[in-house]
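Asker: okay, here's the prediction I keep looking at, along with the sequence it came from:
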Amino acid sequence: AGPNAQRGRLRSLALLNGGLFVETQRPHLLQKLLRSPLGPAMARLLGRRRFGQSFSQVFAPGHQPSALELDEFWALIAHADGQLLAPRLLGYIDERVRNRERWVGALINSPLPLRFINGLLDPISGAHMVRRYRELVPAADVVELADIGHYPQCEAPGRVLAAYLEFAERLSADPGIR
């Protein structure tokens, strides 16, 4: 912890790709199906192959996951039949609708320094999300990863780390941030 750190108190916030603004999120077909009344049946039919095809579509063309990486992602999701929980887990989309004003208000009015690191080729929350973020968040600090998709932490971990460390270094050098 640096000299300005206070135990248990947030001093800044870095965000990665995500559906911050429900009005701009573009759910993937599989997400739509899993949220529908067919969701439980779809979850039972979801296997490694179908998952891999759908999941790969949110990665940028130059950063597609390997077969081994897809196997590992699937193993994490399918552990103890976890894929069967997908319809319920996607309830976060409805939570975004219910809580939009409060959650977006927290971003817009945040007293904390914010940085948004975003893969622009993300079909769910890419360049269109960045445009909306810049419209709503005053003095938006955005790092745009032009050739990256939905999972910048997997597609370009070094670039994400560099963007975060630059943010943290700038904040630690700023005596006005306590």
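Answerer: That came through fine.

Asker: convert stretch 50-60 to PDB, retaining C-alpha atoms only.
Answerer: C-alpha atoms of stretch 50-60 as PDB (Å, rounded to 0.1, in the frame of the first residue of the first chain):
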ATOM      1  CA  ARG A  50     -21.400 -25.200 -29.100                       C
ATOM      2  CA  PHE A  51     -19.900 -23.300 -26.200                       C
ATOM      3  CA  GLY A  52     -16.600 -22.900 -28.100                       C
ATOM      4  CA  GLN A  53     -18.300 -21.700 -31.300                       C
ATOM      5  CA  SER A  54     -20.400 -19.100 -29.400                       C
ATOM      6  CA  PHE A  55     -17.700 -18.000 -27.000                       C
ATOM      7  CA  SER A  56     -15.100 -17.500 -29.800                       C
ATOM      8  CA  GLN A  57     -17.400 -15.000 -31.500                       C
ATOM      9  CA  VAL A  58     -16.800 -12.400 -28.800                       C
ATOM     10  CA  PHE A  59     -13.000 -12.500 -29.300                       C
ATOM     11  CA  ALA A  60     -11.300 -10.300 -31.900                       C
END
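
Asker: ok, which stretches of this protein are strands?
Answerer: Remark: strands assigned in the chain by DSSP state E are 13-16, 114-119, 142-145.

Asker: mind listing residues that contact the first one?
Answerer: The reference is to strand 13-16. With contact meaning C-beta atoms under 8 Å, 6 or more residues apart in numbering, strand 13-16 is reached by 110, 112-118, 152-153, 160, 164, 167. Backbone N, C-alpha and C define where each C-beta goes, glycine included.

Asker: hey, C-alpha coordinates of it in PDB?
Answerer: Written as PDB, here are the backbone C-alpha positions of strand 13-16 (Å, rounded to 0.1, in the frame of the first residue of the first chain):
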ATOM      1  CA  LEU A  13     -11.700   2.200 -10.100                       C
ATOM      2  CA  ALA A  14     -10.500   0.500 -13.400                       C
ATOM      3  CA  LEU A  15     -13.200  -1.100 -15.500                       C
ATOM      4  CA  LEU A  16     -12.900  -3.600 -18.400                       C
END
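
Asker: parallel or antiparallel, list what pairs with that strand.
Answerer: Sheet pairing of strand 13-16 (DSSP bridges) gives strand 114-119 (parallel).

Asker: which neighbouring elements make contact with the helix-or-strand element of the chain with minimal mean pLDDT?
Answerer: Lowest mean confidence among the helices and strands of the chain (mean pLDDT, DSSP states H and E): helix 29-35, at a mean of 88. Here helix 29-35 touches helix 39-45, helix 48-56, helix 86-89, going by 3 or more C-beta pairs under 8 Å, 6 or more residues apart in numbering; DSSP states H and E.
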